[in-house]
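S.K.: sequence-free structure coming up:
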């Protein structure tokens, strides 16, 4: 990045100054920001030329004085040229330190990343979530492994993070870590935040992401068709644990709530609205966006089934929800017992099923579905609508019927 810098000499009078010589200071300005230091010389104000930043006169002592200031200016020029050659970040402060022989310790990538994560962790529960913190921690771990793989280092100067570094990191995520496109792009985006922090703080002056073009690809969002949903509903399980997981999964199918939101769902999140219906009124844990869902009869029935469960009656929680890992493990058993082989059954499929099979396929407006899902952007909801071939077929049959009746 091109820097614009200048050097100015001026007299710096003390607040209680009355008469006598005044210290001469040198001001270094880089891109509008200043840094000052004393020259170690003094001058009578009456002998000083402010516009020239020099002592006036032609005597030998005046020439020696002005030559000294010229020497300081030349040394600043040399320091500036050396920093450009070394591709160092140039600020008024760093240029002053270079001129004074103080080598500024470069900011290190992992050091900055770790500090970001420490600060982020303190915001969890306030304006950040555990899930996001977990992703940053994984991203840090990937970055550390990449440094060891590519450079055999545990840390690296931020100044050495360039376009080649980014493309090599992207390649490593895809090849060595076997990340899919979307996962690789998301890890790189987490890494990009650390670079942006470094740019904002002036630790680097070049953005290595300028020519990086990572894009998330649209993926097919799997969901259950009505026959699969019915099979799960009607299945009788000999195991209480499977029945419990099935009920929690079905509740998600009929409300669109994600696993984390059902796990924390409390009686206080339920309210009787003006329409006399029971509503869920809460905020999504992932995004903190409000979610407002009027409950369907099936959801109410599932909810009431666990009113007297010891864990629920003691805590006020709606469901006794085990860990996400256990839930998905048991869902595999449920899928096998119900003969569902079309897709790998995970808890998040319930949310997709609510968006498609339960709502959009039954003519619920997409704006309403988006609000119930707690989406910040309706484009996210539109991704679900693209898998509804059955709905498209139904709409076209209605259109054909209308056209026939006109003829």
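M.R.: Yep, it's here. Keep in mind that what you see is a predicted model, and the values were worked out from it rather than measured. Numbers count the residues shown, from 1 in each chain.

S.K.: in the stretch 251-400 of the chain, which spans are helices?
M.R.: Assigned by DSSP state H, counting those that start in this stretch, the helices in the stretch 251-400 of the chain fall at 259-263, 297-304, 310-315, 324-337, 348-353, 366-373, 378-385, 389-406.

S.K.: out of the ones you listed, which is closest to residue 243?
M.R.: Smallest distance to residue 243 across these (CB to CB): 9.4 Å, for helix 324-337. Where C-beta positions appear, they are placed from N, C-alpha and C, glycine not excepted.

S.K.: let's test this: mean pLDDT of that closest one, rounded?
M.R.: Mean per-residue pLDDT for helix 324-337: 91.

S.K.: kindly report the same for stretch 291-304.
M.R.: Across stretch 291-304, pLDDT averages out at 91.

S.K.: cool, stretch 173-187 as well?
M.R.: The average pLDDT for stretch 173-187 rounds to 91.

S.K.: same deal with stretch 250-269?
M.R.: Averaged across stretch 250-269, pLDDT comes to 92.

S.K.: first-to-last residue distance for that stretch?
M.R.: Start-to-end span of stretch 250-269 (CA to CA, to the nearest Å) is 19 Å.

S.K.: go ahead and name everything in contact with that stretch.
M.R.: Stretch 250-269 has contacts (CB atoms under 8 Å, 6 or more residues apart in numbering) with 131, 224, 229, 232-233, 248, 280-282, 284-286, 291, 293, 295-296, 298-299, 302-303, 316-319, 321, 324, 327, 347-348, 350-351, 353-355, 357-359, 369, 372-373.

S.K.: so how far is it from its chain's centroid?
M.R.: Chain-centre distance of stretch 250-269: 25 Å, with CA atoms, centre = their mean, to the nearest Å.

S.K.: quick check: residue 140 touching residue 115?
M.R.: No: using CB atoms under 8 Å, residue 140 is not in contact with residue 115; the gap is 10.8 Å.

S.K.: neighbour-wise, which of those two wins?
M.R.: Higher neighbour count among residue 140 and residue 115: residue 140, with 19 against 13, using other CB atoms under 10 Å.

S.K.: the helix or strand harbouring the more buried one packs against which elements?
M.R.: Using DSSP states H and E, the element containing residue 140 is helix 130-151. With contacts taken as 3 or more CB pairs under 8 Å, 6 or more residues apart in numbering; DSSP states H and E, helix 130-151 sits against helix 109-121, helix 163-175, helix 181-200.

S.K.: give me the buried positions along that helix.
M.R.: By 16 or more other CB atoms under 10 Å, the buried positions in helix 130-151 come out as 133, 136, 137, 139, 140, 142, 143, 144, 146, 147, 150.

S.K.: what's the mean pLDDT across that helix?
M.R.: The average pLDDT within helix 130-151 is 92.

S.K.: angle of it against helix 109-121?
M.R.: Helix 130-151 and helix 109-121 meet at an angle of 170 degrees, taking axes from the mean of the first three to the mean of the last three CA atoms, to 10 degrees as the criterion.

S.K.: contacts for helix 130-151?
M.R.: By CB under 8 Å, 6+ apart, the list of residues contacting helix 130-151 from outside reads 109-110, 113-114, 116-117, 120-121, 124, 153-156, 168-169, 172-173, 176-177, 186-187, 190-191, 260, 285-286.

S.K.: so how far is it from its chain's centroid?
M.R.: That offset, for helix 130-151, works out to 14 Å (CA atoms, centre = their mean).

S.K.: that one vs helix 181-200, what angle?
M.R.: 90 degrees.

S.K.: for residue 113, what are its contacts?
M.R.: 140, 143, 194 are the contacts of residue 113 under CB under 8 Å, 6+ apart.

S.K.: show me where pLDDT drops low in the chain?
M.R.: Within the chain, the ranges that satisfy pLDDT under 70 run 1-2, 103-104, 218-221, 273-275, 342-343, 384-392, 406-407.
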